[in-house]
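>>> sequence first, predicted coordinates after that:
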Amino acid sequence: MRIIGGHLGGRIINLPSSYKARPTTDFAKEGLFNTLENMVDFESASVLDLFSGTGSLGYEFASRGCEDIVSVEMNPVNAGFIKGFVRKLGIRGMHVVHQNVFDFLKICHKKFDIVTADPPYDLEGLESIPEKILFEGSNIIKEGGYFILEHPSTFSFEDKPYFLKEKKYGKVHFSIFFFGK
C-alpha cells in the first residue's frame with residue numbers, strides 16, 4: 001500500500017502483519033482522487049476521515065496540500081499507527097482522534113468541506129450511515145461540501161438524498177453525496 005499522489009506520492013505504508021483493517025486499494029484511491037481533483041480545492045479543504053483504519057485517505061489529502069484533516073479511528077492500535085505515521089512523514093494539520101465514530105459525531109461541532117467514511121463492510125447499520133452523516137447530530141458538512149462513503153457492491157445509495165454519483169473500482173464502491181443546492 002502506498003500514497004498515490006501529491007508531494008508524498010510513492011511513499012510506502014508498511015502495516016504490521018497483525019494489523020486489523022481493510023485498506024482501500026491503491027487502484028481505488030487513485031480513481032477516487034482523480035475524480036475529486038475536478039471537484040474540490042484540496043489546499044483550502046477541511047477533511048473529516050471517519051473509520052480511518054490505516055489513515056491512507058488522510059495521507060492522500062495531506063499529500064495534495066490539505067492542512068486541516070481530522071481522522072477518527074476507534075481501534076487503539078490503528079489510531080496509534082496513524083499518529084506515528086503522521087509524525088514520520090512530518091504531516092502538519094492532520095489530527096487523529098481515538099474514539100468511536102458515532103460518539104464523535106454527537107460531540108463534533110466543526111463543519112467540514114469533505115467527510116469520508118470507510119466503515120467495516122460487515123458493520124451493522126452500514127446502510128444508515130448517509131442519514132447519520134447528512135441529517136443526524138452535529139450537521140458536520142458545510143453547504144457545498146461532499147460526503148464520500150466507501151462500501152461493498154451489496155449496497156446502493158442512489159435513492160438517498162444528496163446522492164451525486166457512485167464510482168466503482170474493482171470491488172470497491174464510493175458513493176458521493178453533494179450537500180448543496
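Arrived safely, thanks for sending. Quick caveat: nothing in here was measured; it's all calculated off a predicted structure. Residues are numbered from 1 along each chain as shown.

>>> ok, now which ones touch the spatially closest residue to Pro119 that is not a sequence neighbour?
Setting aside the residues directly before and after it, Pro119 is nearest to Phe51 in space (C-beta to C-beta, 6 or more residues apart in numbering), at 4.6 Å. In short, each C-beta sits where N, CA and C put it, glycine included. Contact partners of Phe51, counting by C-beta atoms under 8 Å, 6 or more residues apart in numbering, are Val72, Glu73, Met74, Val101, Ala117, Asp118, Pro119, Pro120.

>>> so which of the residues you listed belong to helices?
Among the contacts of Phe51, the members found in helices (DSSP state H) are Val101.

>>> can you redo the contacts of Phe51 as CSV with pLDDT and distance to Ile176?
As requested, the contacts of Phe51 are arranged in CSV below (pLDDT from 0 to 100; distance: C-beta to C-beta, whole Å):
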residue, pLDDT, distance to Ile176
Val72, 98, 20
Glu73, 97, 22
Met74, 95, 24
Val101, 94, 19
Ala117, 96, 12
Asp118, 95, 13
Pro119, 94, 16
Pro120, 90, 20
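
>>> now, which of the contacts of Phe51 sits nearest Lys110?
Nearest to Lys110, judged by C-beta to C-beta, of the contacts of Phe51 is Val72 at 11.9 Å.

>>> helix or strand with the lowest mean pLDDT in this structure?
Least confident helix or strand, the chain: helix 129-134 with a mean of 88, by mean pLDDT, DSSP states H and E.

>>> only C-alpha atoms, please: export that one in PDB.
Provided in PDB are the C-alpha atoms of helix 129-134 (Å, rounded to 0.1, in the frame of the first residue of the first chain):
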ATOM      1  CA  ILE A 129     -24.600   5.900   7.600                       C
ATOM      2  CA  PRO A 130     -25.600   8.600   5.000                       C
ATOM      3  CA  GLU A 131     -28.500   9.700   7.200                       C
ATOM      4  CA  LYS A 132     -26.300   9.800  10.300                       C
ATOM      5  CA  ILE A 133     -23.700  12.000   8.500                       C
ATOM      6  CA  LEU A 134     -26.100  14.200   6.500                       C
END
